[in-house]
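A.B. asks: here are the coordinates; sequence isn't available:
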């Protein structure tokens, strides 16, 4: 895949506030790319910079090989789906979708067909004559999508498009957006603060903190091998334990507080890990509670149930283990025959060195 | 409270609450209006009023060239005032809404209302001082050598009436347009640019249509009171700047012909009503389209 968008050393200041810090980023042709981060991390600013609504303070931005310096939003090969959808209230659905076609040389009838096709693509076939104010939130979003996609942009920018929808609608739209992206083959850049949404939809995710990109990887790598504590704690749930690296070789020897000594493969540690104190991350689903009579060939440590949160399909236990600072969160599927333990129950916890992630700091 | 009372508690309270304003409106609005309507069908007979029904007043009002001229001029002046006021008010409202920091907007609105701190009459007199033969404007222009003789077309004619009224009604036009502009979601303007429109075409395709209800409101608010204005034409209008209200006053107080004055008042009212309804209808059309 070729790079469609290239950002080099992009900085953005609002007065003294440093909103984007030295962003270097390459976004590939045809990928579903997400900018993920907590609010105020600069992800929307970065998106608006690509759209042309914000000027960069320094650095360069190229889209499809063209320098975008001095190119205003109406001349960029990008289109945006706004968080508020920005549907024109004085126009009908069809007029909204046709808004960007004014300079299109095609004839009236052809344009009308294009509008109908765009509406059908987003599942709103036949809605062209409706008034914009009569639409539901989900329908507005589809209109916004059709209005952007009809112009066949090189890049579609989506600014938290699902945040205004309820949970069911959101999940449905996630699937639909992915289908749409595969169908049209346009590069999508999604801004979201919802890590689950980013993991579900994206080919690659850039996690941003305080104007910087903390990590850029595919969803699986991001989840399994976060490169820092802040990425690890932002994406999914993560238990943090104190640890000390004693020896670095083909494997890394590490002493984990409360769990004991073990050797982990080098790819589970940051490059250039040296002996010394490190944080150890363990995902809740890679730990397991051993119920009465269960055995395992994995390593086992004793603990006591500190908290139980029952979710129906899952139960989350907080288990206190001697020598571990905070109780470890463990998620267990509620399989047939498995009881839900009470607070205070003594139990055994199985763990595996393959699921440990070594993190700096 | 008696059980057989025909009014419930709530109804009594409602009647008690509205009775005072209702009586007030009846005495000061409905009765005078009714009297005017009645008068317009009567005849003045020197000091007495002949109460026999007649349409002569209307016949005279509609056929007399002087009345037609005055009604036509009133409509023309009110239309000009409205056009000038709204066209000048729009950029001001736009500037305050789009280019003034949000924290400063209320200060700006406050400043716009400053002309209201002096009485209407004093403001009209001030315009006399500014526009007069030896007024501020003429002496300044002569002082800088732009003109050799004082301009005479700016006072004691229709132009002076338009200038004075346009200034007096400016805030009434600025405020509704400002409110309409404030209500426009700024992301709509970005969306328009994102879809390929420049700032100018965005204004024409998005901002202006969405501001139309405010513009129509401003037109009504300026047009309706100016058409019946009496003080300004009297003070700065000269003989050629007089409007229908001045003639109505003359009929009632100078020529002692209240019935003809009443008929003229009714005709002027009908003109305003027809034009106002046309604009209300236009506004409805705009509002329905969203």
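C.D. replies: Nice, I can see it. Not measured: the values here are computed from a predicted model.

A.B. asks: residue 216 - how many residues pack around it?
C.D. replies: Since no chain was named, I'll use chain A. A count of nearby residues for residue A:216, using other CB atoms under 10 Å in any protein chain shown, gives 19. (Each C-beta comes from the backbone N, C-alpha and C, glycine too.)

A.B. asks: other chain: chain B
C.D. replies: With other CB under 10 Å as criterion, residue B:216 counts 23.

A.B. asks: quick one: pLDDT of residue B:290?
C.D. replies: If you check residue B:290, the pLDDT there is 47.

A.B. asks: wait, isn't residue A:104 in contact with residue A:111?
C.D. replies: Yes: Residue A:104 is in contact with residue A:111 according to CB atoms under 8 Å; the separation is 6.3 Å.

A.B. asks: the two: which is more packed in?
C.D. replies: It is residue A:111, of residue A:104 and residue A:111, that has more neighbours when counted by other CB under 10 Å, with 18 against 14.

A.B. asks: quick check on that one: phi, psi?
C.D. replies: Main-chain torsions, residue A:111, degrees, to the nearest 10: phi -60, psi -40.

A.B. asks: residue B:114 now?
C.D. replies: Dihedral angles of residue B:114 (phi, psi; degrees, to the nearest 10) stand at phi -50, psi -40.

A.B. asks: can you give me the mean pLDDT across stretch A:61-81?
C.D. replies: Average pLDDT, stretch A:61-81: 93.

A.B. asks: do that stretch and chain B meet?
C.D. replies: Yes: Stretch A:61-81 comes into contact with chain B (CB under 8 Å from any CB of the partner chain), by way of A:72, A:73, A:74, A:75, A:78, A:79, A:80.

A.B. asks: export these to CSV and tack on secondary structure?
C.D. replies: Conversion of the residues of stretch A:61-81 next to chain B to CSV gives the following (DSSP: H, G, I helix; E, B strand; the rest coil):
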residue, secondary structure
A:72, coil
A:73, helix
A:74, helix
A:75, helix
A:78, strand
A:79, strand
A:80, strand
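
A.B. asks: neighbour-wise, give me the winner out of those residues.
C.D. replies: residue A:80 (31 neighbours).

A.B. asks: got a list of what that one touches?
C.D. replies: Neighbouring residues of residue A:80 by CB atoms under 8 Å, 6 or more residues apart in numbering or on different chains: A:47, A:51, A:148, A:156, A:157, A:158, A:159, B:190, B:191, B:194.

A.B. asks: quickly find the element holding residue A:241.
C.D. replies: Using DSSP states H and E, the secondary-structure element containing residue A:241 is strand A:239-248.

A.B. asks: and residue A:318, by the same measure?
C.D. replies: strand A:314-320.

A.B. asks: list the contacts of that strand.
C.D. replies: Here strand A:314-320 makes contact (CB under 8 Å, 6+ apart) with A:284, A:289, A:303-309, A:327-334, A:340-341, A:347, A:349.

A.B. asks: each with direction, which strands does the helix or strand just after it pair with?
C.D. replies: The helix or strand immediately downstream of strand A:314-320 is strand A:328-333, counting by DSSP H and E. Sheet pairing of strand A:328-333 (DSSP bridges) gives strand A:314-320 (antiparallel).

A.B. asks: let's verify whatever residue of the stretch 101-250 of chain A ends up closest to chain B: helix, strand, or coil?
C.D. replies: Across the stretch 101-250 of chain A, the shortest distance to chain B (CB to the nearest CB) belongs to residue A:133, at 5.8 Å. Here residue A:133 is recorded as helix under three-state DSSP.

A.B. asks: now do it against residue A:90, distance only.
C.D. replies: 10 Å (CB to CB, to the nearest Å).

A.B. asks: between those two, tell me which one has more neighbours.
C.D. replies: Using other CB under 10 Å as the criterion, residue A:133 and residue A:90 rank with residue A:90 on top: 20 against 11.

A.B. asks: hmm, residue B:209 and that one touching each other?
C.D. replies: Yes: using CB under 8 Å, residue A:90 is in contact with residue B:209, at 4.8 Å.
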